[in-house]
Each structure stands twice: as structure tokens, then as C-alpha cells.
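Participant: this one's structure only:
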């Protein structure tokens, strides 16, 4: 690893960082709204984005700096088992084609800003809405932290901030500056900032991967040499394999399937979706987003290249930045580092906005200030988006990085438990609101307890996301097991509560709302007040 500062790479990195900073602040004037003091404008970009802006925004949202660093790092450490991210991003797009247009339509019709808004309107339940909101915020916080971890990994490899014995303030100053800039332009421009910057981010990432997949294998003697080196390493160490063994197949399959179900439950995924201007934009995007899966498959191969290049790092998250440092000319290493750094800024901004919208609409407005005006909602969201990022920064600076990774895995288990209320609610009102809340609680408790019992070489608890599946005996993804329990409890409790004639509340939506498009009349911009019987 480079002991000094890579001045050329740092210069290129700073150039791109300054460029996107300027873009972030100028974004407030892009598609400028007549009334900026509403969550529709600040938090959803005026619901005005077309096909390509939405594609770049969703890509910038879903394929993060953590993806860029962690997926090939998993290949570097464990071999082909790390490829689970590729099939799950393929599985997810046919899935979202079935329900995202319906969510967009009903949200457009009723002015819903968050998934919790929809759940509240559909099931007449503030309690269920609160559960979805709190789950979304909890799952998002470590995800934001990991974007900052991605920036920190790049800075470490460039030699910025000094060594381990450097004063903590000097060491973390570059990250603090990056955080401050991110917070400032997100506060100023809202969702328009990451939407505009996403063009730069995705262009850089595609460029870096295209060059890496050609240039690095040529320097290493071709893919035959790369795979041979990886096979030798896994054989000699006994850790990892080019092909997952039979014992790991259940884990691989359940993790891929469970992750596919969970991906678009995250608040930032829905925020980017609701920012589009029509349901047709959503349908088009589900057909062209798989292009990112092609990019992800090529990206994953960098893990094998790092092995063949002889990259040795104590922290696996540094493997790919170090590969770029070792293999690329200094100036192009700077471009690659900029791709990772900007790849952190875009999703971090969207995630903080999404979490802030959940707090404002479904905690502040529902439970603290029922008569809050749109301007007050926007102000609260801006402040909360800052606090969310501060929390993520504190998490990164005060805790071990593996803790952040494991809490992100726990967040995936949690967010999957909102699937029955959200996706189920988009197709049927049959589920009872209290049954959905009961299923959510069982899934959350089981998932958390099972993850707590998983140990790793570095942690006694929360050391992973796979454990034995009850009744089957195979090792599988905890989140999917918890989800199955969630669904079973929801079904059983719905039958029981309907038999007892428990009050079901009033559905604020109608069947035609789920197929409405932008040109349809009667769009409401405020969530209706829930009746006194809601829970």
C-alpha cells in the first residue's frame, strides 16, 4: 500500500469532487419549482423526472459506493459465493414490474410521499404506518454509514489523512469535508442534487469498469491466469471457492431471493421511483435497469483480479481501491477513486432524504404536529436529513467498520418485513391491519434474535445474516426465514381477526387509483386525515 499521498490521483479526485459539488448547488435551479416549500419539490424533485433521469437516479441510488467496493471484496475473500448480488438484481426487475407502477399510480393520485403514507391510507392504521416508517429509518441509517465507509476507503488508499497514529481530527478531516459538502447541497437542492450528479457518477463507473475489464486482464496475462491464481489461493487457504460447494447452495439461493424481495422495500428506492413523472416511466425503467446488472457482473470479477495482482490488505474493503492504485496510471486511478467517491455521495443524499421524509410525514405529522403545513414539513425534513447524516458519520468515526457492515445486513432483514404490508396492500385489502402488524413484529423479533446469535471471527453477535432454517436444517438467509414466519402469522391472524369481526378501518383508496396516470384528474396532494378508529 502506498505510504505517501498519491498527488496525481488526489488531484483528479478533487477535480471531480469539486465539479459535482458545484452541480449539487446548481441543481436547486434545475427544473426550478414555483413553490419550493413542499416535500413534493424538495423530497421528490417535483415528481417530474423522465425515463433517463429516473434511470440514472435509480442506478445511482441502488448501485452505490458500497456495491463498488463490497461486491468484488466479497469475491476477493470468499470466491464465487459473493456473486449472489448478480442474480438477485436480475430477479428483482420482473418483480418490481408487477408492483411499482401500481405504487406510483396510487401515490400520485393521493399525494403519498412515502410507503408509510400508502400503508396508512390503505389500512387506516397509524400504528402499522409507524412500524413501516421506523423500520425504514433503522434500515437506512447503516446503509448511509457504509457510503461514508466507501469514501474513507478511497481516502485511505490515496494516503490522505496520515497513518493510524495521526491525530484523529487530521486523519478524519477529508471525510468531514466531504460530509459537510454533501449535507450542504442536499439541504439546499433536495432530490434534484443527486439526480443531476447521478449522470456523472454512472458515466464514471461505466468508464472505469470498461477500462478495468480490458486493461487489468491484459496486464495480468489474461483471464486464464486470473482464475488460476484465484483457484490456487482458495485451494491453499481453504477459504472460498471458484464454485460454491453444496453446503453453501441454500445460503446462496435464499440470500439472492430474499435480497431481491427486499431491495425495493428500502425508502430510498421508493423515493427515486416516486420522483418520476408517469407510470410509463417506471415500466420502461424496469426493462432497462438490468443494464446495471451486466455492469455488476463485470465489477464482481475485479475481486479475482485483485487476487491475481497480489493485493494484500488487512481490511477487505480496501482490496479494490488498492487494485486500482497498483494497476492503473496515477491519473486514471484518480478517475476510479472519483467514481467510488461520487458513487457514495449520490445514494447517501437520496437515503438521507428518504429517511427524513419518513420521519416528517409518518412520525412528526402523524404524532407530533397533525396540522403541519407543507412548508413546515419541508423545513423539518431538511433538518432531519442533516441529523441522519450526522448520525451516520458518528457511526463511522466511532465504531469498527465491520460493525457498520453487519448492521447493514441486519437492516436488510428488517426491511424485508415490510413487504407484506406494502406489496400485499397494493394488490389486496384482504389482510387485516392488526394481522400485518403482528406478522411484522414476529418477523422483526425472530430476525433480530437469529442475527444476534450469529458469530464471526471478529464479532460474537450480529456476525452475519445466515443461520439454520428451522424445520429444514439447512443454512439460509435469516431475512427470508423471518419473512416466511411474517406471512404465516399474517395469514393466520387475518382469519382469526375476521372471524372475531375486529374493525378493519376505512380504505382511502379505490381500485382505479392503482392504474391512474399523470394526466388523470382528481389528484390529491395531502394525505387524508385518518379516522378516530385508526391504530
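Facilitator: It's in. The model shown is predicted, which means the values in this text are computed figures rather than measured ones.
Participant: gap between residue 339 and residue 64?
Facilitator: 12 Å (CB to CB, to the nearest Å). In this view, the C-beta of every residue, glycine as well, is placed from N, C-alpha and C.
Participant: my guess is residue 357 contacts residue 381, does it?
Facilitator: Yes - contact between residue 357 and residue 381 holds when scored by CB atoms under 8 Å: they sit 5.8 Å apart.
Participant: which of those two has more residues huddled nearby?
Facilitator: Neighbour count, other CB atoms under 10 Å: between residue 357 and residue 381, residue 357 has more, with 32 against 26.
Participant: tell me which residues of whichever strand or helix holds the more buried one are tucked away?
Facilitator: Per DSSP states H and E, residue 357 falls inside helix 330-359. Using 16 or more other CB atoms under 10 Å as the test for burial, helix 330-359 gives 330, 332-359.
Participant: ok, the residue nearest to residue 423 when sequence neighbours are not counted - how many residues close by?
Facilitator: Among residues not flanking residue 423 along the chain, residue 99 sits closest, at 5.3 Å (CB to CB, 6 or more residues apart in numbering). With neighbours defined by other CB under 10 Å, the count for residue 99 comes to 17.
Participant: tell me the contacts of residue 99?
Facilitator: Residues in contact with residue 99 (CB atoms under 8 Å, 6 or more residues apart in numbering) are 423, 426, 427.
Participant: helix, strand, or coil at it?
Facilitator: Secondary structure, DSSP: H, G, I helix; E, B strand; the rest coil: residue 99 is helix.
Participant: how about residue 405: what's its closest non-neighbour residue?
Facilitator: residue 146 (6.7 Å).
Participant: what's the distance between that neighbour and residue 157?
Facilitator: Where residue 157 is concerned, residue 146 sits at a distance of 17 Å (CB to CB).
Participant: what about these two, which has more around it?
Facilitator: residue 146 (28 against 25).
Participant: let me know the helix or strand that that one is in.
Facilitator: Here residue 146 is assigned to helix 126-158, by DSSP H and E.
Participant: helix or strand next in line after that helix, which one?
Facilitator: helix 168-189.
Participant: next, the angle helix 126-158 makes with that next one.
Facilitator: 130 degrees (axes from the mean of the first three to the mean of the last three CA atoms, to 10 degrees).
Participant: downstream neighbour of helix 168-189 in the secondary structure list?
Facilitator: helix 192-220.
Participant: same for that next one, what does it pack against?
Facilitator: helix 7-26, helix 51-62, helix 168-189, helix 223-237, helix 290-300, helix 302-308, helix 319-327, helix 330-359 (3 or more CB pairs under 8 Å, 6 or more residues apart in numbering; DSSP states H and E).
Participant: mean pLDDT lowest for which of these?
Facilitator: Ranked by mean pLDDT, the helices and strands packed on helix 192-220 bottom out at helix 168-189, with a mean of 81.
Participant: and that one, how far out from the chain middle?
Facilitator: 20 Å (CA atoms, centre = their mean, to the nearest Å).
Participant: buried set for that helix?
Facilitator: Here helix 168-189 shows 171-175, 178-179, 181-183, 185-189 as buried, counting by 16+ other CB under 10 Å.
Participant: the residue nearest the centre of the chain and residue 203: what is the separation?
Facilitator: Using CA atoms, centre = their mean, the residue of the chain that lies closest to the mean C-alpha position is residue 62, 5.5 Å off. Look at residue 62 and residue 203: by CB to CB, they are 16 Å apart.
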